[in-house]
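Novice: turn this into a structure:
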Amino acid sequence: MIVIGDYRLPLEAKEELRRFARFVPFAANSIVYNAISGHPDIFFCFTDNYVVVAPNTPSGYKQILKDAKVDLFEGKNTVGNRYPSSARYNAVVTRNFIIHNLEITDETVLKTFPDRRQIHVNQGYTRCSLFALDDNAFITSDKGIFKTLEKYEVEILYADSSDVVLPGLSNGFIGGCFTRKGDRVFVTGSLNFIKNGETIRNFINRRGYEIVQLYDGPLFDGGGLLFL
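Specialist: Residues are numbered from 1 along each chain as shown. Below you'll find the predicted structure:
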């Protein structure tokens, strides 16, 4: 198995990830601004089975996906240095929903998942701010997303992200700290270092998922992890 993650992840987190997969550091420094230059969720819109990739993703990463025989679809719009071009692939896709600011979503994302119910939110950096635990349970650090999803038949937990580390910004966002693979939820840090940590732990555990905390330190927003 391969996992693609932010090249700036703490060393301890990278070493722990290598227990589960071959770690491939992601970097796109010349394309987007520094704070998100290592974030997979800026260039890849991914679910358990499909990946939509921005056309200007560094070619080496696209080749890794092809070699892993991932169902890969190339998007129409390139990722750019400024919003909204930096957020066109930052959608959350589950088996039931596409959740994003639908005014900026790359059209390939919408065409690849035509059977999903589309939910518009104002936050363009949706995947950064929203973690889909499964098809009907979510954790978000964005109050606007929280209010929107409250209207649907899903479970939604709000989590303060002021303690989340994101180099270059005052703090990161909750979605970029969590990734689910199978029955495991990988956390880039320890829930002991964040407000609502025990509430988040209980929210995940009562659904039967194993929590893997990748190092004993503050949650690090790395834009999620892409497991292949």
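Novice: tell me which helix or strand Glu198 sits in.
Specialist: helix 197-205 (DSSP states H and E).
Novice: for the nearest residue to Gly38 once chain neighbours are set aside, which residues are in contact?
Specialist: Using Cβ to Cβ, 6 or more residues apart in numbering and skipping residues adjacent in sequence, the residue nearest Gly38 is Asp6, 3.5 Å away. C-beta coordinates here come from the backbone N, C-alpha and C atoms, glycine included. By Cβ atoms under 8 Å, 6 or more residues apart in numbering, the contact set of Asp6 is 25-26, 38-40, 220, 222-223.
Novice: just Lys62 next, same as before
Specialist: 53, 72.
Novice: now with 7 Å, please.
Specialist: By Cβ atoms under 7 Å, 6 or more residues apart in numbering, Lys62 lies in contact with Val53.
Novice: check the one 3 residues further on too.
Specialist: The contact partners of Leu65, by Cβ under 7 Å, 6+ apart, come to 51, 53, 72, 228.
Novice: report the two of these separated the most.
Specialist: Val53 and Leu228 (12.1 Å; Cβ to Cβ).
Novice: of the two, who's got more company?
Specialist: Val53 (21 against 17; other Cβ atoms under 10 Å).
Novice: how much space between that one and Leu110?
Specialist: Val53 sits at a distance of 15 Å from Leu110 (criterion: Cβ to Cβ, to the nearest Å).
Novice: try Phe186
Specialist: Taking Cβ to Cβ, one finds Phe186 at 28 Å from Leu110.
Novice: selecting buried members of the contacts of Asp6 in ChimeraX, what would you type?
Specialist: Buried members of the contacts of Asp6, defined by 16 or more other Cβ atoms under 10 Å, are picked up in ChimeraX with:
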select :26,38,39,40,220,222,223
